[in-house]
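# sequence plus predicted model, see below.
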Amino acid sequence: MKKKNVYRWMAAIAVLTVILFAIIYYFNLQNKANRVTDIGQDGPPTFSHFIQGDFKTPLEKPMDVAKIGEYIYVTDTNHKQVQVFDSSSTPIFKFGKEGEGNGEFKFPYGIAGDEKGNVYVADLYNGKISIFNPKGKFIRNFEEKGSKSPSIKSPAGLRINHNKLYVTDVQNAKVLVFTLDGKKQMEISAGKNKEDVLNAPNAVAIDDDNNIYVADSGNQRMVVYDKKGKFKQVINGTKNGKGESVLVNPRGLAVNAKGTIFLVDNMTHYVYGFDSKGEKVYQFGGLGSENEQFFLPNGLFVDEKSQLYITDTFNQRVAVYY
């Protein structure tokens, strides 16, 4: 009888243990579901997965990323090419090779797409912007019209918005705005005043109100302008942007549909989120190679579903968040 009672107690404990684990598992699922619902409202985005390229040619120093149509395009800088992935992050093809000819690269950097799905790639060292069709076939080089001397010397960050091409030029320390047929519309070269000049501007983004955001890397800040290029504010992680900047070599940036401004801070290995007033609302990342860590992150893109793509250059991957 004693043995039977022992067996009964052991069976009961086993059943209770299974029930307890089932309850814990259920509530964990509920918590995860709730966190997904809250993304983009009260807290930072949630890590999803990595894009790393195929087995033969994994990404090597990915500098920038953009989702254009249904494809994700990554400038694979050390391989002098662009790698392309489908919406499930599966590698599907690549294009480009080292050189100075049409469709060739020395240092492919910024990348953007137009409404037709054409792909624009800035080559920092070749000093040109190459245009390809969605399948990677070279179409032409972007050319400025109405000027005897080209304005673009060392293009870095690219964005296309309402059929306008926004280019940061590192060597010229300017942001240049063109129509897609090559007519220059605007130059931005200073912040608060003429003496407050940009220093190695790296990335550019435009929000729904056509405000222009510039990662002014050499000055350790982000500068915001209205649609006409008039200075609005400085964002550097301090109140009203007036304190000593917390940023160290800011790079990629983007603005999502809710107005959250995301900025990659290359040397601290963090990504910051700011509200429309320039106040920091959160940060995520930090130095490392684990999930939710970065080592010299650089490019950043937000797609139509507010998913974030962040190029993690030293870790040789693109981190995807939702």
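Here it is on my side, so go on.

# give me the number of residues near the closest residue to Ser245 other than its chain neighbours?
Among residues not flanking Ser245 along the chain, Asn236 sits closest, at 3.7 Å (Cβ to Cβ, 6 or more residues apart in numbering). (Glycine included, C-beta is placed from N, CA and C.) Using other Cβ atoms under 10 Å, the number of residues around Asn236 comes to 24.

# let me know whether Asn236 touches Met222 as I believe.
Yes. With contact defined as Cβ atoms under 8 Å, Asn236 and Met222 form a contacting pair (7.0 Å).

# shared neighbours of the two, which are they?
Shared contacts of Asn236 and Met222, defined by Cβ atoms under 8 Å, 6 or more residues apart in numbering, comprise Leu247.

# verify the contact between Asp76 and Pro91 for me.
No. Because the distance of 10.5 Å does not satisfy Cβ under 8 Å, Asp76 is recorded as not touching Pro91.

# looking at these two, which is more packed in?
Taking neighbours as other Cβ under 10 Å, Asp76 and Pro91 compare with Asp76 leading, 25 against 20.

# for the nearest residue to that one once chain neighbours are set aside, give me its contacts.
Spatially, and ignoring its direct neighbours in sequence, Asp76 is nearest to Gln83 (4.7 Å; Cβ to Cβ, 6+ apart). Contact partners of Gln83, counting by Cβ under 8 Å, 6+ apart, are 53, 57, 59, 62, 73-74, 76, 91, 94.

# and Asn172, by the same measure?
Shown here is Asn172, whose contacts under the criterion Cβ under 8 Å, 6+ apart are 151-154, 189.

# looking at those, spot the one nearest Ala112.
Ile152 (14.2 Å; Cβ to Cβ).

# how many neighbours does the closest one have?
Other residues lying near Ile152 total 20 when counted by other Cβ under 10 Å.

# and stretch 103-120, how far from the chain's centre?
Here the centre of stretch 103-120 is set off from its chain's centre by 15 Å, with Cα atoms, centre = their mean, to the nearest Å.

# and what of stretch 110-125?
Here stretch 110-125 shows a centroid-to-chain-centroid distance of 14 Å under the convention Cα atoms, centre = their mean.

# cool, stretch 154-170 as well?
Worked out by Cα atoms, centre = their mean, stretch 154-170 lies 14 Å from the chain centre.

# would you mark the buried spots in it?
Taking 16 or more other Cβ atoms under 10 Å as the basis for neighbour counts, the residues of stretch 154-170 that come out buried are 154-161, 164-170.

# that older thread, of the contacts of Gln83, just the buried ones, ChimeraX syntax please.
A single ChimeraX command is used to select the members of the contacts of Gln83 judged buried by 16+ other Cβ under 10 Å:
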select :53,59,62,73,74,76,91,94
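
# in strands, which of the contacts of Gln83 fall?
Cross-referencing the contacts of Gln83 against strands under DSSP state E gives 62, 73-74, 76, 91, 94.

# mind putting those residues in a markdown table, pLDDT and distance to Ser48 included?
Output for these, formatted as a markdown table (pLDDT from 0 to 100; distance: Cβ to Cβ, whole Å):
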| residue | pLDDT | distance to Ser48 |
| --- | --- | --- |
| Pro62 | 98 | 17 |
| Tyr73 | 98 | 18 |
| Val74 | 98 | 16 |
| Asp76 | 98 | 21 |
| Pro91 | 97 | 17 |
| Lys94 | 97 | 23 |
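
# just send the residues you listed back as TSV, with distance to Gly136 too.
Output for the ones in strands among the contacts of Gln83, formatted as TSV (distance: Cβ to Cβ, whole Å):
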residue	distance to Gly136
Pro62	16
Tyr73	9
Val74	12
Asp76	12
Pro91	13
Lys94	7
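
# closest to Pro201 among these?
Proximity of the ones in strands among the contacts of Gln83 to Pro201, judged by Cβ to Cβ, is greatest for Pro62, which lies at 20.6 Å.

# which residue packs closest to the closest one, ignoring adjacent ones?
Using Cβ to Cβ, 6+ apart and skipping residues adjacent in sequence, the residue nearest Pro62 is Thr311, 4.3 Å away.

# can you give me the helices in this structure?
2-37 (DSSP state H).

# low-confidence ranges, it, go.
Across the chain, residues meeting the criterion (pLDDT under 70) sit at 1-42.

# again, 50 this time
1-7, 9-41 (pLDDT under 50).

# returning to that earlier point: quick check: neighbours shared by Asp76 and Pro91?
When contacts are counted by Cβ under 8 Å, 6+ apart, the set common to Asp76 and Pro91 consists of 53, 83.

# tell me the bridge partners for the residue nearest to Asp76.
Using DSSP bridges, the bridge partners assigned to Gln83 are Val74, Lys94.
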